[in-house]
Structures are given as C-alpha cells and as structure tokens.
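Asker: what follows is a predicted protein model with its sequence.
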Amino acid sequence: MRTGFIGGLLIIGACLLIVVTAVIGASGGQVSVQGAGPGSLTLTVALAMLAVGALLIGVGGARPLNGRFARLGLVLSGLGLTATLSTANVSVSSMLVFVFLIGGLVAWIGVIITGLAVLATPGRPRRAGLIFVAGLLIAVAAGALNNVVGAAIAGPIALVGGSVVLLGIGAIGLLGVRGGQADAVAS
C-alpha cells in the first residue's frame, strides 16, 4: 500500500475525529490535549493521526502532493504536531514548554507552506487550497467581528470558518488517498 494513501486516510480520519471532539465539547464535555475524558482522547488521537498522516504524505506522497514545497510543509506540520503532542503535559515552569510552543509554530508554518503549495498546483490541489484559505478568511473575519458585534454573531461565523478549514484539510487528505490515480488512468 502506498504511504500517501495511508497518510491521506489518517488525515481524513483525523478530521472526522475532530468533528466528534467538537460535538463532545459543545455538549459540555472536557476537551484538552492528553487530558481526561472522551473529548480529550478523541482530540489527542486526532492530532496524532494528523501528524502521522502529514509525515507519511510528506515523505512518500504521490502526485499532486509530491512537490518540494508541499512535502516540506507536510513534514513541518507533522513534526510540529509531534513536538506539541509530546510536550502537552509539561509544567509551565519547565523549559519544555518552549518545545510545546515552537512545535505549534512549526506546525502552523507547515500548514501555510502546504496551503501555498497546493494553491500553486492547478486542478484538485488548487480547489483544496482554496477551500482551506476560504475557511481561514472566514475565521479571521469572525475574529474581527467579535470585537465589533460580540460573540453571539461572531461565534457561528467562526464555527463555519473552522468547519471550512477542516473540510480543506480533509480535501488535502483526499488528495493523498487519490495520489497518482489520474496518472494511472492517463497512461
């Protein structure tokens, strides 16, 4: 089995688990990385699946995610998430809190690089990138609106933005699952 296929399945599964986590959190359950309870378990597993999936696609993904920048972004995302997950329970007074924070920063830099790389690739990758960027723009608009009109209006908009971002991440996972299929049909 191709590593990109497995990585794509892990990313799609992680997106589904994040939806489950959101439902648990919305119903009043506790949600934190490596915390107690079902919401924390689903979030931790989802982030681990996302990290492994991104690393697998970044290392061995086929077209259209085999470009240098897409791979770099995916590997950075996977490494950053791994660093964040491995140091999630450290004390604030520990020096490892810097690994936690830097891991989150590296993961976001990887996400941005991956997003830009798929936007630069015509066809399905560009559509996945546009979905992702649209979600980010909606979430940013919700953040700006929160200061003006309050959380009652901005909250649902932020939820839509987060959902669209998650859909974009799932679309990138789907690219990993489908990787190389168009080439096989064309030849």
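Answerer: Yes, it's here. These figures come from a predicted structure and were not determined experimentally.

Asker: and the pLDDT at the residue nearest to the spatial centre of the chain?
Answerer: Against the mean C-alpha coordinate of the chain, by C-alpha atoms, centre = their mean, the closest residue is Ile169 at 5.3 Å. We have a pLDDT of 91 for Ile169.

Asker: now do Ala152
Answerer: Predicted confidence (pLDDT) for Ala152: 86.

Asker: which helix or strand contains it?
Answerer: helix 151-178 (DSSP states H and E).

Asker: next one: the nearest residue to Val106 once chain neighbours are set aside from Arg127, what distance?
Answerer: Once flanking residues are discounted, Val106 sits nearest to Gly80: 3.4 Å by C-beta to C-beta, 6 or more residues apart in numbering. C-beta: built from backbone N, CA, C; applies to glycine. Plainly put, Gly80 is 25 Å away from Arg127 if you go by C-beta to C-beta, to the nearest Å.

Asker: neighbour-wise, which of these two wins?
Answerer: Legend: neighbour count by other C-beta atoms under 10 Å for Gly80 and Arg127, higher for Gly80 (22 against 15).

Asker: right, and that one touches Ala107 too?
Answerer: Yes: with contact defined as C-beta atoms under 8 Å, Gly80 counts as touching Ala107 (3.0 Å).

Asker: mind listing what's buried along stretch 83-90?
Answerer: Ala83, Thr84, Leu85, Thr87, Ala88 (16 or more other C-beta atoms under 10 Å).

Asker: can you put those residues in CSV and add secondary structure and pLDDT?
Answerer: Below are these laid out as CSV (DSSP: H, G, I helix; E, B strand; the rest coil; pLDDT from 0 to 100):
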residue, secondary structure, pLDDT
Ala83, helix, 94
Thr84, helix, 93
Leu85, helix, 93
Thr87, coil, 91
Ala88, coil, 88
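
Asker: tell me which of the residues you listed is nearest to Leu119?
Answerer: Leu119 has its nearest neighbour among those in Thr84, at 25.0 Å by C-beta to C-beta.

Asker: quick one: contacts for that closest one?
Answerer: By C-beta atoms under 8 Å, 6 or more residues apart in numbering, the contact set of Thr84 is Val33, Leu47, Phe100, Gly103, Gly104, Ala107.
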